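Colleague: make a model of this:
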Amino acid sequence: MKAFSLQALIQSPRAYGSPRDYEQSKNAVDRNLADRLTSLTAKRVPRRSLLQFMGFNSISLNIYPVLAAQMLDMKEPEVIRTQKLGNGVRIQDIVEGEGPEAREGDLVEVNYVCRRSNGYFVHSTVDQFSGESAPVLLPLDKKQIINGLKEVLIGMKVGGKRRALIPPSEGYINENLSPIPEQFGPRRSLLSHANEPLIFEVQLLKVL
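Modeller: Model (predicted):
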């Protein structure tokens, strides 16, 4: 019996002559495909080849440094100390600053990332893709800033970083409190989570 390719089997079934020849050739092709699939699944694919297949090669990591950083640096930052305030705010010190200390009534410049308690992103002053930042000025006055964040910033030194879990009662109890995005979409997104705990990761840049 002649051996035919799968393409020939699909395109020209009449070339086989009798129906019996056609059926035998079809079965032979099926067995050949099954053998190939078995050998492929039996072999372990090297991790490097798998990453290249998925598109993660050395070239793509050089072109997309942010992606590379996310893949290579998956460790949680080391926590220096943890404290819980009487109002329910939980604070973790990540980096101890060395500059001037922020006090109540000061005007400070900060970068921050706001997330829901499940980790989902809400808003940030740092672009997630380009890494560019647009720091905001915040007065450490509970009439102008959410009280939980005010408590987080007081006592921080310039250059320091903190992470805090802020309960709703110490958060956006009204829509006029900072920090809040100017754009309608991000602003609406942030306020839609005002009734749940929020996580702020904040870096103190300046005390003005």
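Colleague: list the contacts for I94?
Modeller: I94 is in contact with 77-80, 161-163, 201, counting by Cβ atoms under 8 Å, 6 or more residues apart in numbering. Placement of C-beta: from N, CA and C, glycine included.
Colleague: which among those count as buried?
Modeller: Under a neighbour-count criterion of 16 or more other Cβ atoms under 10 Å, the subset of the contacts of I94 counted as buried comprises 161-163, 201.
Colleague: can you lay out these as TSV showing distance to R188?
Modeller: Written out in TSV, the entries for the buried ones among the contacts of I94 read as follows (distance: Cβ to Cβ, whole Å):
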residue	distance to R188
K161	28
R162	27
R163	25
E201	22
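Colleague: ok, those vs E132, which is closest?
Modeller: When the buried ones among the contacts of I94 are compared for distance to E132 (Cβ to Cβ), E201 comes out closest, at 17.1 Å.
Colleague: what residues are bridge-paired with that closest one?
Modeller: With DSSP bridges applied, E201 shows beta-bridge pairing to V113, R163.
Colleague: isn't it up against V113?
Modeller: Yes: if you go by Cβ atoms under 8 Å, E201 and V113 touch, sitting 4.6 Å apart.
Colleague: now do the shared contacts for those two.
Modeller: In contact with both E201 and V113: no residue, using Cβ under 8 Å, 6+ apart.
Colleague: returning to that earlier point: just the closest of the buried ones among the contacts of I94 to P186, please.
Modeller: The nearest member of the buried ones among the contacts of I94 to P186, counting by Cβ to Cβ, is E201 at 16.7 Å.
Colleague: ok, back up a step: I'd like the contacts of I94 as CSV, with distance to N87 appended.
Modeller: What follows is these, written out as CSV (distance: Cβ to Cβ, whole Å):
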residue, distance to N87
P77, 25
E78, 26
V79, 21
I80, 22
K161, 21
R162, 16
R163, 17
E201, 19
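Colleague: L107: which of those is nearest?
Modeller: Nearest to L107 among those is R162, at 18.2 Å by Cβ to Cβ.
Colleague: give the contact list for the closest one.
Modeller: Contacts of R162 (Cβ under 8 Å, 6+ apart): 91-94, 152, 156, 201-202.
Colleague: among those residues, name the ones in helices.
Modeller: Using DSSP state H, V152 are the members of those that sit in helices.
Colleague: adding pLDDT and distance to Q144, write the contacts of R162 out as a markdown table.
Modeller: Putting these into a markdown table (pLDDT from 0 to 100; distance: Cβ to Cβ, whole Å) gives the following:
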| residue | pLDDT | distance to Q144 |
| --- | --- | --- |
| I91 | 96 | 20 |
| Q92 | 95 | 25 |
| D93 | 96 | 25 |
| I94 | 95 | 25 |
| V152 | 97 | 15 |
| M156 | 97 | 18 |
| E201 | 96 | 21 |
| V202 | 97 | 16 |
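Colleague: which of the contacts of R162 count as buried?
Modeller: The neighbour-count test (16+ other Cβ under 10 Å) applied to those identifies 91-94, 152, 156, 201-202 as buried.
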